[in-house]
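Novice: I'd like to go over a predicted model; first the sequence, then the structure.
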Amino acid sequence: MTQLLVVPFERPYLARALVELLLLGGLAAVVGVFVLLRRLAFLTDALTHTVFPGVVVGFLLGGQSGIFPGALVVACVAAGLFTLLAATRRVGEDAALAILLTGFFAVGVVLVSRRPSYTADLTAFLFGRVLTVRLSDIVATAVVAAVVLTSVAALRKELLLVAFDPESARAAGYRVAALDLALNLAIALVVVAAVRAVGTVLVIALIVVPAAAARLLSDRLVVVTAVAAVLGMGSGWLGLLVSYRISVDHGIRLATGATVVLVLVAAYLLALAAAAARARLGRRPARPGAAVAVGGSALDAPRPVAALGADARADGTQVASGTADPGSEAGPGTR
Amino acid sequence: MRLWETLGDGYTRRALAEAVLVGVLCGAVGVHVVLRRLSFLTTALTHATFPGVVVAALLGLHLVLGAGLFGLLVVGAVAAVSGARGGGGAVPSAAPAGRGGRDLSSVTGVVLSGGFALGVALMSAQDGFTRDLTAFLVGSILTVGTADLLVTAITGAVVLTVLAALRKELLLGAFDPTGLAAAGYPAWLLDLVVLFAMEATVVTTVPAVGTIMAIALVVGPAATARLWCARTGPMTALSMALGVVASVLGLAVSAQWDVAAGGAIVLTIAALFAVSLLIAPRARPASLRSPAAEPASAG
């Protein structure tokens, strides 16, 4: 067993990859819980794509070591832009996000397409090379993880309040826009940290999937966060191992980042099956109102009203009893 | 303009024809995507059809066929996991609030990344990994063949006919799904029609501009047109025109300065949108507000 599970990691490059994936898996999963609560999956996807031109410019200017600062600058700009976009409501938020996403991305593609080593570079930027991670990358990831986790922990209560009830947060005098910006920046930082290892495209899986899977298994925030972190780290380890084993033992090359994501998706499907089984056994009846628990652990929060007010209505049954609009619940599709 | 100089070449003419066809098709479908706020789902569709393309390439089938079949699978998966209305969640308010990890947003995210990872994993087992991958990701409109053109034209004709025939019902469904159901229409069937139109569009667009940027062609022109028009008729027309203009301009830019065609087209779209955002009249006509905006302003 140890032969199978541990020995490969005695190779230094695999050990470095493992450390990086464990760090990223845990970090992304914790941030992912907030993404889940706020339903920011699309914004996360947009951020992952917008970072791309930063990666390219950084690489063109400073080589490998230029990637991190380049991505960092663009990610901060993008996070600010998105926060602004959410505040103004001239266009549908999702349409604007889609255009920003592809626009930024296209800048990156156009820049890369001028290079002679076009295709190889593009692939490396998009999908990362976790097996060539260096010690300095790990240090950078660790620093980012420390910063993000500390600030999320410090702002935990405020972020939760905004997630569940943005109106009363605003009424209580919290600066909702600033908190939104903080969360967007946290997501952007995670994306930046993950760029070298798993590339800009697959980061979204590390962020969204563990939290979604964990949420299927529990209603309690603490449990969801813990399970998500464990899932994220475990999938990183297992995915790396599977990718290594298949490549070495069976001679089939399997991209590491993609394997990690596939393991995550498998975990999500398992969680889905477990949740369905529990519901069938009657231990977790589908019920309105029951998700409300002490300490703000009812997780079906509405999105910020300004952006997606309609959801608050549809969610009403689970956030607080009696506020549901029967019209939306009995919509045509549910019949 | 180097594009006009190379107009004698077959590949330039084919690329131009493809750009025009794709522009018209995406512009028309995009109107429904924007009005129903399905951008994220469309993004997920573009990403999730990726493994279908790869499998088709491995098996030697036509790319569009593989992507199309896989896309159907994906639509089914999203609908099944996120609840009855998930896939066709025409209106956010009616989209399943869902229990936790299975709301539309999260499920879309999972499907998106899972599909993409599957495609990458499949591709990585192949030789010639990076070159083919690039073609799928950012498209290669200059290598479009006559068969591809034919497929695009037929798909476009079918989709446009369906959209035109069901125009009234689809619009009613976008703005007032409850009213649509109350009037006795099969609402879910109409949602499904929109979904399939989206799917067909995405599948035929992907070979031209690539997996990641197809979404820009669908959403961009429609969102830009939305800034200028208060009525859906002119909006659709403008959206189609913008789609064509952006595609052709992008091609010209790409030929002129020797950059990736897909990237140039998307940048043109983004520029048109940004300029429109700055100079379009600010008054927001109430007639075109999607119902989702109402509770936001009320609450």
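Specialist: Structure's in. What do you need?
Novice: can you map out the strands along chain B?
Specialist: Residue ranges of strands cannot be listed for chain B, since DSSP state E assigns none.
Novice: residues in the stretch 101-250 of chain A within reach of chain B, list them.
Specialist: Taking C-beta under 8 Å from any C-beta of the partner chain as the contact definition, the stretch 101-250 of chain A meets chain B at A:101-103, A:105-110, A:112-114, A:118-120, A:122-123, A:126-127, A:167, A:201-202, A:204-205, A:208-209, A:211-216, A:219. The C-beta positions use only the backbone N, C-alpha and C, and glycine is treated the same way.
Novice: now do 7 Å
Specialist: A:102-103, A:105-107, A:109-110, A:113-114, A:119-120, A:122-123, A:126-127, A:201-202, A:204-205, A:208-209, A:212-213, A:215-216 (C-beta under 7 Å from any C-beta of the partner chain).
Novice: so where's chain B shaky on pLDDT?
Specialist: Chain B contains residues with pLDDT under 70 at B:1-8, B:61-63, B:79-104, B:126-136, B:282-299.
Novice: Starting from A:A98, give me the distance back to the spatially most central residue of it.
Specialist: Per C-alpha atoms, centre = their mean, the C-alpha nearest to the average position across chain B is that of B:V218, at 3.8 Å. Using C-beta to C-beta, to the nearest Å, B:V218 is found at 8 Å from A:A98.
Novice: Ok, B:G250 next?
Specialist: 17 Å.
Novice: got it, and A:R114?
Specialist: Counting by C-beta to C-beta, the gap from A:R114 to A:A98 is 25 Å.
Novice: out of these two, which sits in the busier spot?
Specialist: More neighbours sit around A:A98 than around the other of A:R114 and A:A98, counting by other C-beta atoms under 10 Å in any protein chain shown; the figures are 29 against 13.
Novice: Name the helix or strand for that one, please.
Specialist: Applying DSSP states H and E as the criterion places A:A98 in helix A:93-113.
Novice: shaky segments in the stretch 151-300 of chain A?
Specialist: In the stretch 151-300 of chain A, residues with pLDDT under 70: A:251, A:282-300.
Novice: And A:I99, what's its pLDDT?
Specialist: Looking at A:I99, its pLDDT is 81.
Novice: list the contacts for it?
Specialist: B:216, B:219-220, B:223, B:270, B:273 (C-beta atoms under 7 Å, 6 or more residues apart in numbering or on different chains).
Novice: Tell me the one among the residues you listed nearest to B:G30.
Specialist: Taking C-beta to C-beta as the measure, B:V219 is the one of these closest to B:G30, at 5.7 Å.
Novice: Could you double-check that B:V120 sits in contact with A:A255?
Specialist: Yes: at 5.2 Å, B:V120 counts as touching A:A255 under the criterion of C-beta atoms under 7 Å.
Novice: Now do the helix holding A:A98: distance to the chain's middle.
Specialist: How far helix A:93-113 lies from its chain's middle: 19 Å, per C-alpha atoms, centre = their mean, to the nearest Å.
Novice: and what of stretch A:26-45?
Specialist: Worked out by C-alpha atoms, centre = their mean, stretch A:26-45 lies 4 Å from the chain centre.
Novice: Do it and chain B come into contact?
Specialist: Yes: using C-beta under 7 Å from any C-beta, we find that stretch A:26-45 touches chain B at A:36, A:39, A:41-42, A:45.
Novice: could you flag which of the residues you listed are buried?
Specialist: By neighbour count, with 16 or more other C-beta atoms under 10 Å in any protein chain shown, the residues of stretch A:26-45 next to chain B hold A:36, A:39, A:41-42, A:45 as buried.
Novice: Reformat the residues you listed as JSON lines; add secondary structure, distance to B:V194 and pLDDT.
Specialist: Formatted as JSON lines, these follow (DSSP: H, G, I helix; E, B strand; the rest coil; distance: C-beta to C-beta, whole Å; pLDDT from 0 to 100):
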{"residue": "A:L36", "secondary structure": "helix", "distance to B:V194": "27", "pLDDT": "83"}
{"residue": "A:R39", "secondary structure": "coil", "distance to B:V194": "22", "pLDDT": "74"}
{"residue": "A:A41", "secondary structure": "helix", "distance to B:V194": "21", "pLDDT": "76"}
{"residue": "A:F42", "secondary structure": "helix", "distance to B:V194": "19", "pLDDT": "77"}
{"residue": "A:D45", "secondary structure": "helix", "distance to B:V194": "21", "pLDDT": "78"}
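Novice: Tell me the one among those residues nearest to A:L60.
Specialist: A:D45 (24.8 Å).
Novice: if I pick the residue nearest to the spatial centre of chain A, what's in contact with it?
Specialist: Geometric centre of chain A, nearest residue: A:I207, 2.0 Å, by C-alpha atoms, centre = their mean. For A:I207, the contact set (C-beta under 7 Å, 6+ apart) comprises A:28, A:31-32, A:35, A:44, A:190.
Novice: Return the subset of those lying in strands.
Specialist: Among the contacts of A:I207, no member falls in strands (DSSP E).
Novice: Which one (most neighbours) among those residues?
Specialist: A:G32 (35 neighbours).
Novice: ok, now how distant is that residue from B:A67?
Specialist: For A:G32, the distance to B:A67 - C-beta to C-beta - is 29 Å.
Novice: Kindly report the same for B:L118.
Specialist: Between B:L118 and B:A67 the computed distance is 13 Å (C-beta to C-beta).
Novice: Compare the two and say which is more crowded by neighbours.
Specialist: B:A67 (30 against 21).
Novice: hmm, back to that, give the residues shared as contacts by B:V120 and A:A255.
Specialist: Listed as contacting both B:V120 and A:A255 by C-beta under 7 Å, 6+ apart are A:F127.
Novice: Report the separation between B:A222 and chain A.
Specialist: 7 Å (C-beta to the nearest C-beta, to the nearest Å).
Novice: Do I have it right that that residue meets B:S239?
Specialist: Yes: B:A222 lies in contact with B:S239 (C-beta under 7 Å); the separation is 4.5 Å.
Novice: Common neighbours of those two, please.
Specialist: Shared contacts of B:A222 and B:S239, defined by C-beta under 7 Å, 6+ apart, are found at B:27, B:30-31.
Novice: nearest to B:T152, of those?
Specialist: For those, the nearest to B:T152 is B:G27 (13.8 Å; C-beta to C-beta).
Novice: show me the contacts for that closest one.
Specialist: B:221-222, B:239-240, B:242-243.
Novice: now, the most widely separated pair of the residues you listed?
Specialist: Spatial extent of the contacts of B:G27 (C-beta to C-beta) is set by the pair B:A222 and B:M240 at 9.2 Å.
Novice: Residue 261: neighbouring residues, count only.
Specialist: This is for chain A. Applying other C-beta under 10 Å, we find 30 residues neighbouring A:V261.
Novice: if you could check chain B rather than the one you did, that'd help
Specialist: Neighbours of B:A261 (other C-beta under 10 Å): 27.
Novice: and the closest residue to it other than its chain neighbours, what does it touch?
Specialist: Of all residues not flanking B:A261 in the chain, B:S254 sits nearest, at 4.0 Å (C-beta to C-beta, 6 or more residues apart in numbering or on different chains). The neighbours of B:S254, taking C-beta under 7 Å, 6+ apart as the test, are B:260-261, B:264.
Novice: rerun at 10 Å
Specialist: Applying C-beta atoms under 10 Å, 6 or more residues apart in numbering or on different chains, one finds that B:S254 lies in contact with A:110, A:113, B:2-3, B:15, B:141-142, B:260-265, B:267-268.
Novice: cool, A:V192 as well?
Specialist: A:47-48, A:51, A:54-55, A:67-76, A:140-141, A:144, A:200, A:203.
Novice: how much space between the nearest residue to it once chain neighbours are set aside and chain B?
Specialist: Leaving aside its chain neighbours, A:V192 sits nearest to A:A71 (4.4 Å; criterion: C-beta to C-beta, 6+ apart). According to C-beta to the nearest C-beta, A:A71 and chain B sit 17 Å apart.
Novice: what's near enough to touch A:A71?
Specialist: A:A71 touches A:50-59, A:125, A:188-189, A:191-196, A:200, counting by C-beta under 10 Å, 6+ apart.
Novice: Let me know the angle separating the helix or strand encompassing it from helix A:93-113.
Specialist: Using DSSP H and E, A:A71 maps to helix A:67-87. Relative orientation of helix A:67-87 and helix A:93-113, computed by axes from the mean of the first three to the mean of the last three C-alpha atoms, to 10 degrees: 160 degrees.
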